[in-house]
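please work out how this folds:
(chains A, B, C and D)
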There are 4 protein chains.
Amino acid sequence: MNKENRFQIENLGDPQHKSPLQLSTVRGDKIFNFVNDADRLVFDLSIDNYKHCLNSGEEPLCLDKAGPRQEIFFDPKQTTAAIVTCGGLCPGINNVIRGVVMALHYFYGIKRIIGVPYGYEGLNPEVGHDFVELTPEKVKDIHQFGGTFLGSSRGGQDVSTMVDTLEQNKVDMLFAIGGDGTLKGVNAIGEEIQSRNAMISVVGIPKTIDNDIDLIDESFGFETAFDVASPIIRDAHNEATGAYNGISIVKLMGRDSGFIAASAALAMPVVNFVLIPEMEFALEGENGFLGALKKRLDRKKHAVIVVAEGAGQHLFDKKSEVKDASGNIKHSDIGLFLKQKITERFTETPVTIKYIDPSYIVRSAPANSIDSVYCSRLAYHAVHGAMAGKTKFVACKVNNKFVYVPISEVTKKRKKIDLEGEFWFSVLQSTGQPFFLG
Amino acid sequence: MNKENRFQIENLGDPQHKSPLQLSTVRGDKIFNFVNDADRLVFDLSIDNYKHCLNSGEEPLCLDKAGPRQEIFFDPKQTTAAIVTCGGLCPGINNVIRGVVMALHYFYGIKRIIGVPYGYEGLNPEVGHDFVELTPEKVKDIHQFGGTFLGSSRGGQDVSTMVDTLEQNKVDMLFAIGGDGTLKGVNAIGEEIQSRNAMISVVGIPKTIDNDIDLIDESFGFETAFDVASPIIRDAHNEATGAYNGISIVKLMGRDSGFIAASAALAMPVVNFVLIPEMEFALEGENGFLGALKKRLDRKKHAVIVVAEGAGQHLFDKKSEVKDASGNIKHSDIGLFLKQKITERFTETPVTIKYIDPSYIVRSAPANSIDSVYCSRLAYHAVHGAMAGKTKFVACKVNNKFVYVPISEVTKKRKKIDLEGEFWFSVLQSTGQPFFLG
Amino acid sequence: MNKENRFQIENLGDPQHKSPLQLSTVRGDKIFNFVNDADRLVFDLSIDNYKHCLNSGEEPLCLDKAGPRQEIFFDPKQTTAAIVTCGGLCPGINNVIRGVVMALHYFYGIKRIIGVPYGYEGLNPEVGHDFVELTPEKVKDIHQFGGTFLGSSRGGQDVSTMVDTLEQNKVDMLFAIGGDGTLKGVNAIGEEIQSRNAMISVVGIPKTIDNDIDLIDESFGFETAFDVASPIIRDAHNEATGAYNGISIVKLMGRDSGFIAASAALAMPVVNFVLIPEMEFALEGENGFLGALKKRLDRKKHAVIVVAEGAGQHLFDKKSEVKDASGNIKHSDIGLFLKQKITERFTETPVTIKYIDPSYIVRSAPANSIDSVYCSRLAYHAVHGAMAGKTKFVACKVNNKFVYVPISEVTKKRKKIDLEGEFWFSVLQSTGQPFFLG
Amino acid sequence: MNKENRFQIENLGDPQHKSPLQLSTVRGDKIFNFVNDADRLVFDLSIDNYKHCLNSGEEPLCLDKAGPRQEIFFDPKQTTAAIVTCGGLCPGINNVIRGVVMALHYFYGIKRIIGVPYGYEGLNPEVGHDFVELTPEKVKDIHQFGGTFLGSSRGGQDVSTMVDTLEQNKVDMLFAIGGDGTLKGVNAIGEEIQSRNAMISVVGIPKTIDNDIDLIDESFGFETAFDVASPIIRDAHNEATGAYNGISIVKLMGRDSGFIAASAALAMPVVNFVLIPEMEFALEGENGFLGALKKRLDRKKHAVIVVAEGAGQHLFDKKSEVKDASGNIKHSDIGLFLKQKITERFTETPVTIKYIDPSYIVRSAPANSIDSVYCSRLAYHAVHGAMAGKTKFVACKVNNKFVYVPISEVTKKRKKIDLEGEFWFSVLQSTGQPFFLG
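Just a heads-up that it's a prediction; the model follows:
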């Protein structure tokens, strides 16, 4: 075994300054130790991976531990940080903003923190939004509210323009809170910065209510999301049982990945069908969805269906595809589609269908306590990484540990529910729905 | 003043039995007194009404106090009661069912209580739903859940058939929990019963999430309804401020009356426009809604609009009217209509519109504590009235006191928000919206 | 009938100014009408009261309708208002502060509003707290939080000193949010002002989590209080059923009146005993509490007891009485006392007792939606009254209508639960506890 | 590397039956695969551990993956299962009961499931509680309620007697839901069973609201616990700021480990001091707690203190130690102790102290959605392991993966907060409290 095998985080340069944090480097003094770059964690903890590496002489793939470094790149006295939030709302954005500001201000003593308003638009002077100065006083209560204190927007802006703005405002580090598109955007900003030999660190903090960022454990806000969604499923159950042959359809977020739909259904076990983008299902036919629904109604006189917004897109005509400002294909509304198809099918047995779309209610909720803790720690780690001069990385959790991963690694593909995994099996067992529909 | 002036409650006949309740008839013994029919309460408590009566010699219009009577009509040992729930869901239905069952069983010792499934359909043997036997054990926990334990349906059934069913099953009293249509229905049942000289008491317990039953104070479930709706308005606010020129539209219940929309907006004072069925408003024109919205956006860059489902129906083409199973005119969707009109109008200034329709989430919520207390007491009073042989009445609250009122009086017209009243004035002041729109 | 019979509100003098509110004086124009002093409401709406008045020729006792007057006493351009919050926390205080500030600022255009910090202490310059300037910007979000934005303190300060402070700061009107002691205090301030011929209006807004202010309907925060308390009773039930012979004791507020304990128990019908200050009960003896508890345990193996803090004080030795800063007698802890007595009694049957005291959790909760609406309207009415030059009154609700009542009338005695009333009867029926204990 | 190095799970014998689950053994068919005993996961994922193994030739310590086995030990048609819940309440117990029953019944077709009432007492016939038969119908709604459907008790019973009871009732597998003592107890039962050569599987499902079971990730109910506790800390903050020099003390669970206190404080960042059992702190002296509190009050005029019940026990006289029924040392009340010490210290500056102990409110809460999902999956895995004939193991999560671990390994010592770890560092940073107190 000679060669290190790790997701290599890039650095702006060698650290030049001593961290102002009063930490330790030895165990036993009851003081937290600085983390150093040699502290790595194995990514795949199956014994098979170990055996493979031992046999082949390769080191197993490792991730860099997140945390404060003893030597840092930026001089806190002369550092300016900026924060931007992009894309749709997700619980916990304000907690992350608050955490970044608190860590910059109190841990490192950074006095100039710029809030970029309305997403990447705020980095384009032509749009003309004004920067917001961020201070502990201004952000101290914002974690109690959902939404984003800074405002957001979808879609990107010209990378060169945005880097111009950062340079003109003497920004040394940019924290971008956003999903797949945002992360790719900030990575592009990082590349443009490097091509100019500028010394600006760019950091991504993955925000995706769909929980579809690859490699990482759950993204912040996700647990709140299904915690908010799951009582709504109970409401749907009340509506379904309130009518003879009552059917409730709850549409939840999940463009490409059905994590929220599946988790909420598992949390509130009154759901009879979960339909997710990862699965192909037929409406008609012997094992089709409508037939399975018929059997359920015959037996129990009511049914609850949870459908992810990206499910069943194969049932629509592809020609009419439209894209949104973020470049994502706009999905046809599977919830309304199902409502219509069920109505058409059940003409003899009259059914009562209630369609519930709580998307904005879920997105705009404040973070619950679990996500609050997570967001604070995530924000702290993002700041530690940036101060150390690392760039083009995300702060995140993998195997329940905080690590840094290159943005380029987490944006290669979307994380999806493994239909052969234990999680999906739990969902099938809990709902009692057939393994295959169609 | 010679003549009694009261909303006269009809009786099946003279009370023949002694109440099994161990109550008192004198003050000072720390035991609750039986209520008697002479205990009346003045309806209009303005001094002008008093003066008018004084001058004219008329007695002021009075309502009968609700409560247990010393002499009752039915023999508890041989009485069968039935409960039916009709129409859309509303918080507190299960609390009322529970309260009626508990009062019948524990207060009066009635052993046979029939749950009629799926609304008036359950009284039509041809539809073929089976009765449910109700016991304290079965209903003791149902108040913690929203929905209706008995199921519901919309629309009526043949009155004669329903009375046949009651007679065949030896039902002595029917408690109907429902709105305007249900109450008219149970009144018709009561009339058919009288025409047959049958001795069956029919009692209405007004259930209307719109709070639009005339004469009475707030109907049960209404306070829960806007208590559930109002945090959703905060969510809408988060969505609105989360985008540049963000607009959130929240559609709430209110076919003919805007009480929920107005109350929820007053409870969560982030609302800029409340649109209700009682007001006519123009979209276009100098004082039209769209112009007012434009001014708001110019000033604040976001807006929250709460609209009752029955608002703005004058803006639609009347020819396409459709009726639902309850005979109500199906409203065109004013929320989607506004979304479209706003989008069309704001082509130059791009706006981001989020449309939220939480209707089923509000309807299916469990009663909060205030409504729980209210529902229990309402149910107890309904039972006391029925046992006394009163019929074709509702148990309700007027001027903060529990009274009995003839069904025919509360169904004459719908209660609406008085646009010249202090409540609407409070709403206007809280939102800052113009007195008139158009 | 010659003589008016009303609770007479005092005025500082004749109104000199036209209200800036653009209201109407006629019906039919869809604009709210100014209220005038002749608009009165009968207090006692029983038909017996009417008959008595008609026979005797006396006018029935009336209350003044609350609302904006067309002619006002103070010149908005030169008016300074002050707000003070006293005594223990109660849900809704911040809503009232917000409502008063908004009404003063937006309705009447008053620019100088002083927040008096930490209760009456803030009016004593020797204590040395600084005034806070209140603006819409500062208070716009405070309704979402419990507690009091201004801070509070218990007990009074020298009246003369406080009036000096008001005069020196050119305060024209003082809004005091507090309970019995606070209201008596602000009335004394009002009297001192009158003796100096000063033109300062003093207004009380009754705040009592115990709901024990006489004459008025429920005080603000009360409904939230038992809405917060009632799920805690469900928790207590979980604890009780979680152990063999499990007993949970929940102590709730209620120094002299058991409204919260009784309402919370009625809202969460798992309670077996409610003990309130209004009732005397024995521990021992044939019908004593401990015997009744024994019977309950024998039958069901668990019991839930809700006790108001002021209940059972007759069981303690009176000699050891201590008073708190507000001059109230400090109650001995009835909860711990019961726990001890039960433990002593049940030595043979081992019992598991869980004692829960959620007082601060209830007191510090934010107002629910019902109280939010109530607080805003109450605050608006308080402002209308003060602007009209009325003084030494409270804004409140009686018979479900907003009225003004002289402070001296509502502080004559405490409101208590009528043990012979329908409310307490409902509680007894719901819990199944004996009418008398001992 | 020759030798397997794993936490070895014991088996009752070789599996004899085919699992009734219709699963797969190959990837690519979109069907979940059976797990087999060779599927192991490395425990320590640091690269140092890997290198150490590489150098020494030892296999890294591994854990067995949880999940359904293709060959099972018990014949579902003839299997009887029993469930017992012991110790204090914790959110999620009912979810686990429900999950075990559902998995036994629906996955494996087991028809006889015994609920053991009131903890280990229920296995002692002399105490005389009757078994409860558990069916899907009976448990389907219990997850919505806190507490334990089966009742609980503290402390153990004679092991031999309990095994007699299991044998007499032909129980084949016992699921014990409980903490450290319960797990040791069920392990002893398992040993007694083995000494009798009986074929009964015993399974532990770790339940500890303190989150102090060693080796495992968070235990079920823990996230709900601090999710419930953290708004109470906000209440405490309201109380603290509501008075001049207001101090709130919130006592939370945590006998030996301060996880709830620390997590709740991190989730609601208004806390100024967190005191946990893991830290020794002095009250007096230059760096003592009281001095630090004084500084805080001088600067901010209010303070919020969160203290774990087991903190500061070194400050008490050890002679007066008492043990509870579970054999745990009863802690002196650190909350009341602090209240007294603070009162004594701050005689010149008057302070207002509010002491809040929400323990039972936290313990008896229903599981939130995150814990609901977790409990279901945990229960499923426990059942899979038992059916495979494994015994004396716990189902749990380690490194975010479900695994089986021998009971003896997780009960060797308690898990504690590492004062040198990143988590505690986050808490210190968030509160701003000194690294050392005294």
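
residue boundaries of the helices in the stretch 51-200 of chain A?
Listed in chain order, the helices found in the stretch 51-200 of chain A under DSSP state H, counting those that start in this stretch are A:93-102, A:136-139, A:159-168, A:180-195.

of all those helices, which one is nearest residue D:368?
Of all these, helix A:93-102 sits nearest to residue D:368, with 17.3 Å by Cβ to Cβ. For the C-beta atoms, the positions are set from N, CA and C on the backbone; glycine is no exception.

is chain C within reach of the closest one?
No - using Cβ under 8 Å from any Cβ of the partner chain as the criterion, no contacts between helix A:93-102 and chain C are found, and the smallest distance is 13.3 Å.

what about that helix and chain B, touching?
No - residues of helix A:93-102 are not located near chain B by Cβ under 8 Å from any Cβ, the shortest gap being 8.8 Å.

so what secondary structure elements neighbour that helix?
Based on contacts counted as 3 or more Cβ pairs under 8 Å, 6 or more residues apart in numbering or on different chains; DSSP states H and E, the elements that helix A:93-102 packs against are strand A:80-85, strand A:112-116, helix A:136-139, strand A:173-178, helix A:369-387.

redo the helices of the stretch 51-200 of chain A as CSV? Include mean pLDDT.
Below are the helices of the stretch 51-200 of chain A laid out as CSV (pLDDT from 0 to 100):
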stretch, mean pLDDT
helix A:93-102, 98
helix A:136-139, 96
helix A:159-168, 98
helix A:180-195, 97
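
from those helices, which stretch is densest packed?
Mean neighbours per residue, mean count of other Cβ atoms under 10 Å in any protein chain shown, is largest over those for helix A:93-102, with a mean of 28.

quick one on the thing from earlier: of the helices of the stretch 51-200 of chain A, which is nearest residue C:269?
Closest to residue C:269 of the helices of the stretch 51-200 of chain A is helix A:93-102 (Cβ to Cβ; 38.5 Å).

now that closest one, how far from the centre of its chain.
Distance of helix A:93-102 from its chain centroid, counting by Cα atoms, centre = their mean, to the nearest Å, is 16 Å.

nearest to chain B, of the helices and strands packed on helix A:93-102?
Shortest separation from chain B across these is recorded for strand A:80-85, at 8.7 Å, computed as Cβ to the nearest Cβ.

that closest one near chain B at all?
No - Strand A:80-85 lies out of reach of chain B by Cβ under 8 Å from any Cβ, never closer than 8.7 Å.

do the same with stretch A:179-199
No - if you take Cβ under 8 Å from any Cβ as the test, stretch A:179-199 misses chain B, and the best it gets is 14.5 Å.

pLDDT of stretch A:200-218, averaged?
Computed over stretch A:200-218, the mean pLDDT rounds to 96.

dump the helices and strands packed on helix A:93-102 to TSV, plus distance to residue B:116.
Putting the helices and strands packed on helix A:93-102 into TSV (distance: least, Cβ to Cβ, whole Å) gives the following:
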stretch	distance to residue B:116
strand A:80-85	54
strand A:112-116	60
helix A:136-139	56
strand A:173-178	54
helix A:369-387	44
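
turn the helices of the stretch 51-200 of chain A into TSV, including distance to residue C:428.
Converted to TSV, those look like this (distance: least, Cβ to Cβ, whole Å):
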stretch	distance to residue C:428
helix A:93-102	48
helix A:136-139	52
helix A:159-168	71
helix A:180-195	62
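
re earlier: a markdown table for the helices and strands packed on helix A:93-102, including distance to chain D?
Written out in a markdown table, the entries for those read as follows (distance: least, Cβ to the nearest Cβ, whole Å):
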| stretch | distance to chain D |
| --- | --- |
| strand A:80-85 | 17 |
| strand A:112-116 | 17 |
| helix A:136-139 | 11 |
| strand A:173-178 | 17 |
| helix A:369-387 | 4 |
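
residue B:106: which of these is closest?
helix A:369-387 (41.2 Å).

hang on, the earlier thing: go through the helices and strands packed on helix A:93-102 and name the closest to chain C.
Proximity of the helices and strands packed on helix A:93-102 to chain C was assessed by Cβ to the nearest Cβ; the nearest stretch is helix A:136-139, lying at 12.9 Å.

how far does that closest one sit from its chain's centre?
Distance of helix A:136-139 from its chain centroid, counting by Cα atoms, centre = their mean, is 25 Å.

any chance you could list what contacts that helix?
Taking contacts as Cβ atoms under 8 Å, 6 or more residues apart in numbering or on different chains, the residues outside helix A:136-139 that touch it are A:94, A:97, A:98, A:101, A:102, A:105, A:106, A:149.

where does the stretch 51-200 of chain A get nearest to chain C, residue-wise?
Checked against chain C (Cβ to the nearest Cβ), the nearest residue in the stretch 51-200 of chain A is residue A:144, 7.7 Å away.

find the nearest non-adjacent residue to that residue, please.
residue A:366 (6.1 Å; Cβ to Cβ, 6 or more residues apart in numbering or on different chains).

can you list the residues of the stretch 301-438 of chain A near chain D?
Residues of the stretch 301-438 of chain A that fall close to chain D, judged by Cβ under 8 Å from any Cβ: A:368-370, A:372-373, A:376-377, A:380, A:399-402, A:419-426, A:429-430, A:432, A:435-436.

put the buried members of those residues into a ChimeraX selection.
Command for ChimeraX that selects the buried part of those, burial taken from 16 or more other Cβ atoms under 10 Å in any protein chain shown:
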select /A:368,369,370,372,373,376,377,380,399,401,402,419,420,422,423,424,425,426,429,430,435
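
up against chain B, what does the stretch 151-300 of chain A have?
Residues of the stretch 151-300 of chain A lying near chain B by Cβ under 8 Å from any Cβ: A:151-153, A:232, A:234-239, A:241-244, A:246, A:248.

among these, which one sits closest to chain B?
residue A:238 (3.1 Å).

sorry, back to before: next, format the contacts of helix A:136-139 as JSON lines and append distance to residue C:179.
Formatted as JSON lines, the contacts of helix A:136-139 follow (distance: Cβ to Cβ, whole Å):
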{"residue": "A:94", "distance to residue C:179": "36"}
{"residue": "A:97", "distance to residue C:179": "40"}
{"residue": "A:98", "distance to residue C:179": "36"}
{"residue": "A:101", "distance to residue C:179": "40"}
{"residue": "A:102", "distance to residue C:179": "39"}
{"residue": "A:105", "distance to residue C:179": "41"}
{"residue": "A:106", "distance to residue C:179": "40"}
{"residue": "A:149", "distance to residue C:179": "37"}
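
quick check, residue A:129 in contact with residue A:118.
Yes - taking contacts as Cβ atoms under 8 Å, residue A:129 lies within contact range of residue A:118: 5.2 Å.
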